[in-house]
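1. let me see the structure of the following:
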Amino acid sequence: MDLGYAGGPVTDAGRVARPALDLMVAQDGALIEGWWKAFEGEAAGSAYQRFDWADAYLGTLGQVEGAAPRIVVGRDAGGATAFILPLVLCHRGPLRLALPVGGAHANYHAALWRRGAPLGDPRALLAAIGRLVGADAVALAAMPRSWNGEPNPLVPAGAPAAASNAYRLDLSGSGEDVLKRVLSREARKKLRQKEARLAELGPVELRQAATPEEVEAVLATFFAHKAERRRTIGLPNPFEDAPARAFLRRACLAGLDRGAPAVELYSLCAGERIVATFAGAADETRLSGMVLSFDAGDSEIARRSPGDLLVARLVAEQCRRGRKVLDLGVGEARYKSTFCDGVDEIADVLVPVTPLGHAYGLAAAARRLAKRSVKRTPWAWSLVTRLRRGTAAGRD
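-> Numbering: from 1, shown residues only. Just a heads-up that it's a prediction; the model follows:
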């Protein structure tokens, strides 16, 4: 059977202590589905690199964006899988970039890697991968420097910090214990008061979508909430187009029949009314938040902080299930700093392969520094926020 592989051995010249790695590239992830899923159970890495999540993206948004799958598999000298790195090859004019599967819809870009696997110098390995897939540069934005305490072997020493880090919550203990740890007594009292006022509309309940029909109902509400909220704050809506909606729907349905969807979908309900929604990439030990929305169009609902109430309920539910970490993704937001007690440091990794890739790397570094500077300068970030809102108001 032709598996669409290309590959060969990769060695590290002058580093005799590093074992050789054999690299293979699958141009159709479905051809290695069984292998990929089996490796998920033993590997370190985020839920964004699960087969079901990547397949949902590649089968929807990836096709529209012209992203050609390049799933890189590295095996050690004994033939054991050392890592799986889901990439796509994209063209930007004459430039060919090897990018992570998922783009901006994935908060964390990484590989799945076998703990303790000797991958050697990450720049040399990524350069070899870039040559193998025919890229001018390998650009891996939003790479966590570590994952659940395991150093990320594809982040080189000295890799520049991304514009923003990611926020996570340690779920050790009961839900009540965790919330007591991160919220003051006064904050918890205010949440109880707001929940009591919300309950005037009907019993307040956190629900997880468990059937295709429930997925469709919650997504319809989410898309409406998201469109209204993004219009209000002057930001583009990432779920405005049909392919993006198809991606999220497919990711929520993938594995649903087994009780293990690639993306878990939750709603906070007051009676039968959905007032807030949450979706997160999931594995056995961690839930990684992708999107959170609430009914911002109804001021009576918005004043009751349904988003905060959902997160508080979600924390308790994840503790009950025995998960270790809840993360709320990359980027600054009030609710993240309110509920999270830890930060995942994020790096942007770019390895040029050709002269054109080197030129791209210089331009990308300048953009990253400018973005980080704006986000870390309060008056500049406040100005950007006001300009966005002014633009949104001007469109009304």
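2. where in this structure is pLDDT low?
-> Low-confidence segments of the chain, defined by pLDDT under 70: 1-19, 364-396.
3. the longest strand belonging to the chain: partners in the sheet, and parallel or antiparallel?
-> As assigned by DSSP state E, the longest strand anywhere in the chain is strand 81-92. If you go by DSSP bridges, strand 81-92 pairs up with strand 68-75 (antiparallel), strand 95-100 (antiparallel), strand 112-114 (antiparallel).
4. domains of this protein?
-> Structural domains annotated on the chain: 5-162+345-392, 172-323, as defined by automatic domain parsing.
5. A helix includes V138, no?
-> No - read with DSSP: H, G, I helix; E, B strand; the rest coil, V138 is strand and lies in no helix.
6. separation between it and A159?
-> Using C-beta to C-beta, to the nearest Å, we find V138 at a distance of 12 Å from A159. All C-beta atoms are positioned from the backbone trio N, CA, C, and that covers glycine.
7. overlap in contacts of these two?
-> Common neighbours of V138 and A159, using C-beta atoms under 8 Å, 6 or more residues apart in numbering, are V349.
8. between those two, tell me which one has more neighbours.
-> Comparing V138 with A159 by other C-beta atoms under 10 Å, the one with more neighbours is V138, at 28 against 20.
9. show me the contacts for that one.
-> The neighbours of V138, taking C-beta under 8 Å, 6+ apart as the test, are 87, 97-98, 126-127, 129-130, 349-351, 353.
10. among these, name the ones in helices.
-> Within the contacts of V138, residues falling in helices by DSSP state H are 126-127, 129-130.
11. extract the C-alpha trace of stretch 86-101 and format it as PDB.
-> This file holds the C-alpha atoms of stretch 86-101, laid out as PDB (Å, rounded to 0.1, in the frame of the first residue of the first chain):
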ATOM      1  CA  PRO A  86       1.200  17.500  12.400                       C
ATOM      2  CA  LEU A  87       2.100  20.200   9.900                       C
ATOM      3  CA  VAL A  88       0.700  21.700   6.800                       C
ATOM      4  CA  LEU A  89       2.500  23.200   3.800                       C
ATOM      5  CA  CYS A  90       1.100  26.600   2.800                       C
ATOM      6  CA  HIS A  91       2.100  29.000   0.000                       C
ATOM      7  CA  ARG A  92       2.300  32.700   0.700                       C
ATOM      8  CA  GLY A  93       3.200  34.000  -2.700                       C
ATOM      9  CA  PRO A  94       6.600  32.500  -3.600                       C
ATOM     10  CA  LEU A  95       7.100  31.500   0.100                       C
ATOM     11  CA  ARG A  96       6.500  27.900   1.200                       C
ATOM     12  CA  LEU A  97       5.900  27.600   5.000                       C
ATOM     13  CA  ALA A  98       5.600  24.500   7.100                       C
ATOM     14  CA  LEU A  99       3.000  25.500   9.700                       C
ATOM     15  CA  PRO A 100       1.200  23.700  12.600                       C
ATOM     16  CA  VAL A 101      -2.200  22.100  11.900                       C
END
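12. tell me which residues in that stretch are buried?
-> Of the residues in stretch 86-101, 86-90, 95-101 count as buried by neighbour count, 16 or more other C-beta atoms under 10 Å.
13. distance to F247 added to those residues, as CSV?
-> CSV is the format used below for the buried residues of stretch 86-101 (distance: C-beta to C-beta, whole Å):
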residue, distance to F247
P86, 15
L87, 17
V88, 14
L89, 19
C90, 16
L95, 25
R96, 23
L97, 20
A98, 21
L99, 16
P100, 15
V101, 11
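14. among those, which two are most distant?
-> P86 and L95 (20.4 Å; C-beta to C-beta).
15. okay, the helix or strand containing E216 in CSV with CA atoms only?
-> If you go by DSSP states H and E, E216 is part of helix 212-233. Listed next in CSV are the C-alpha coordinates belonging to helix 212-233 (Å, rounded to 0.1, in the frame of the first residue of the first chain):
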residue,chain,number,x,y,z
PRO,A,212,-25.5,15.4,17.8
GLU,A,213,-28.8,17.2,18.3
GLU,A,214,-27.4,18.8,21.5
VAL,A,215,-24.2,19.8,19.7
GLU,A,216,-26.2,21.5,17.0
ALA,A,217,-28.4,23.4,19.5
VAL,A,218,-25.4,24.7,21.6
LEU,A,219,-23.4,25.6,18.5
ALA,A,220,-26.3,27.6,17.1
THR,A,221,-26.4,29.7,20.3
PHE,A,222,-22.6,30.0,20.4
PHE,A,223,-22.4,31.3,16.9
ALA,A,224,-25.0,33.9,17.6
HIS,A,225,-23.3,35.0,20.9
LYS,A,226,-19.9,35.2,19.2
ALA,A,227,-21.1,37.2,16.3
GLU,A,228,-22.8,39.8,18.6
ARG,A,229,-19.8,40.0,21.0
ARG,A,230,-17.2,40.4,18.2
ARG,A,231,-19.2,43.1,16.5
THR,A,232,-19.5,45.0,19.8
ILE,A,233,-15.8,45.0,20.6
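16. how close does E205 sit to F294?
-> Distance from E205 to F294, by C-beta to C-beta: 15 Å.
17. so who does F223 touch?
-> Neighbouring residues of F223 by C-beta under 8 Å, 6+ apart: 239, 245.
18. now the strands for the stretch 101-250 of the chain?
-> With DSSP state E, counting those that start in this stretch, the ranges of strands along the stretch 101-250 of the chain come out as 112-114, 137-144, 146-147, 150-151, 166-170, 204-208.
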